[in-house]
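*Asks:* Any chance you could fold what I've pasted below:
(chains A, B, C and D)
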2 protein chains.
Amino acid sequence: MRNTHAAMPVKKTAPSIDTTTEEKIKAAAHAVFRRKGFAATRTRDIADEAKINLALLNYYFRSKQKLFELIMFETVTGFINNMQTVFNDASTSLERKIQLVAERYIDLFIADPEIPLFIMSELRNPDLEILQKLPALHVILKSTFILQYKNAVVSGKITEPNPLHFLMNLMGLTIFPFIGSPMLKKLGKLTNREFDALMQERKKLIPVWIKAMSRAKY
Amino acid sequence: MRNTHAAMPVKKTAPSIDTTTEEKIKAAAHAVFRRKGFAATRTRDIADEAKINLALLNYYFRSKQKLFELIMFETVTGFINNMQTVFNDASTSLERKIQLVAERYIDLFIADPEIPLFIMSELRNPDLEILQKLPALHVILKSTFILQYKNAVVSGKITEPNPLHFLMNLMGLTIFPFIGSPMLKKLGKLTNREFDALMQERKKLIPVWIKAMSRAKY
DNA sequence: GTCTATATACGGATAGAC
DNA sequence: GTCTATCCGTATATAGAC
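*Replies:* A predicted model of the protein is given here:
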């Protein structure tokens, strides 16, 4: 791949939101990539959504691939940073963290429902090497959150010793409804508003359910 | 789209498995579509995987789109039929059905781990109109399974009245780990074998967890 | 039914004027 | 920075020989 392209334009000091061409393209790329995935989106879709000329996409971001990597990086790091603070806050209890995780994930996904499926479905493409470029995921197992979980296991408050099961459960209860939303809306004849109301309920319910599960007798 | 193509060949009466060209293409299409999704697969990928000439794909199935629709239909109906029998078996208890659902889903997904993400990610493409063509999904809410659930709510054995929450929980606990497996394997430094072992554990654990949840005090 | 060769369309990317 | 026009590789699909 040649590298003779002009340098990227310098960042404006105080740009209005989404008014610069670069920002318009990024916003459109976020929307279209999330909605359709990398392979199904055409650069023309993004140009149309951003209402800019197709050539400008390459002018600012060089290639579809590079633009996608930027979008994916922003999405994933935003997602992880959001959680990192909760996971490693030494001042909150295990129960409180479970509450916070459920609330934050659900609020985030009500605002951007395509994010979970977008991330999960792009992760399966080995060409994109997203997982390799990610900040080491396994530090999650060293987080305060998981240490608190392990302590609760030792002190007998929790029956399931494997924190991976715990994480799968918490994520499954929280994230799955958004991944399966097309099917669930059809199955339950739900409007978007009704679906969101169910998700709001789950912010309260999930911590209760998790608590009940933690005391399950095997 | 023109329609001048030759008729489909008649089905052999007793073909060996995967030996006819048609079967080889279908098997390859299943594999490649599931792995990469519709937009990212090229008909050449399928032809290579099936070790047949590219032109034969169009000879047998007319177009990539038509082949995909066939594969998707087979995948989804196979998936639904598998569950239908469990959901509407009047001779099994609610608890037993929960056991059976967890076991069957997990066995199915250990054998074909890409299925959940494949279905979920293709469902978001409105062009494919998969949901429209599906056997009405909302009959699930009329199934024996859900009726038994509602009865258990009335008799006070279960606290959560909304069967949709119940279904989301059961599916989330069962399906999500397969959807998030790339991330989970990385996060937990798991080999495929270790991951499968965890899933085997969940066949026993999920019914216990669900039971504990059903008694949760709000 | 299966092959080779090719038509045709589409999508990513760039050249070059303004 | 932004536009029009266009190049060029790639992917689907078909024609036509065998």
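*Asks:* And the helix or strand of chain A with the lowest mean pLDDT, how far out from the chain middle?
*Replies:* When each helix and strand of chain A is scored by mean pLDDT, DSSP states H and E, helix A:130-133 comes last, with a mean of 77. Put simply, helix A:130-133 sits 15 Å off its chain's centre (CA atoms, centre = their mean, to the nearest Å).
*Asks:* and what of stretch A:37-48?
*Replies:* 20 Å.
*Asks:* near DNA strand D at all, that stretch?
*Replies:* No. Figure legend: stretch A:37-48 not in contact with DNA strand D (CB under 7 Å from any atom of the strand); closest approach 8.7 Å. Every C-beta, even on glycine, is put in place using the N, C-alpha and C of the backbone.
*Asks:* ok, now stretch A:54-67?
*Replies:* Yes. On the criterion CB under 7 Å from any atom of the strand, stretch A:54-67 is in touch with DNA strand D at A:L54, A:A55, A:L56, A:Y59.
*Asks:* Go through that stretch and flag the buried ones.
*Replies:* A:L57, A:Y59, A:Y60, A:F61, A:K64, A:L67 (16 or more other CB atoms under 10 Å in any protein chain shown).
*Asks:* wait, which of those is closest to DNA strand D?
*Replies:* Distance to DNA strand D, by CB to the nearest atom of the strand, is smallest for A:Y59 among these, at 4.6 Å.
*Asks:* And the closest one, how far from B:H138?
*Replies:* Distance, A:Y59 to B:H138, by CB to CB, to the nearest Å: 49 Å.
*Asks:* next one: A:I119
*Replies:* For A:I119, the distance to B:H138 - CB to CB - is 29 Å.
*Asks:* for the residue lying closest to A:N162 once chain neighbours are set aside, what are its contacts?
*Replies:* Spatial nearest neighbour of A:N162, chain neighbours left out: B:L198 (7.6 Å); criterion: CB to CB, 6 or more residues apart in numbering or on different chains. For B:L198, the contact set (CB atoms under 8 Å, 6 or more residues apart in numbering or on different chains) comprises A:N162, A:L164, A:H165, B:P177, B:L190.
*Asks:* my guess is the second one contacts B:L184, does it?
*Replies:* Yes. With contacts counted by CB atoms under 8 Å, A:L164 reaches B:L184, the gap being 7.0 Å.
*Asks:* Could you name every residue contacting both of those two?
*Replies:* B:L190.
*Asks:* show me where chain A has strands.
*Replies:* In chain A, no strands are defined using DSSP state E.
*Asks:* need the residues of it near DNA strand D, please.
*Replies:* Residues of chain A that fall close to DNA strand D, judged by CB under 7 Å from any atom of the strand: A:P9, A:T21, A:E22, A:I52, A:N53, A:L54, A:A55, A:L56, A:Y59.
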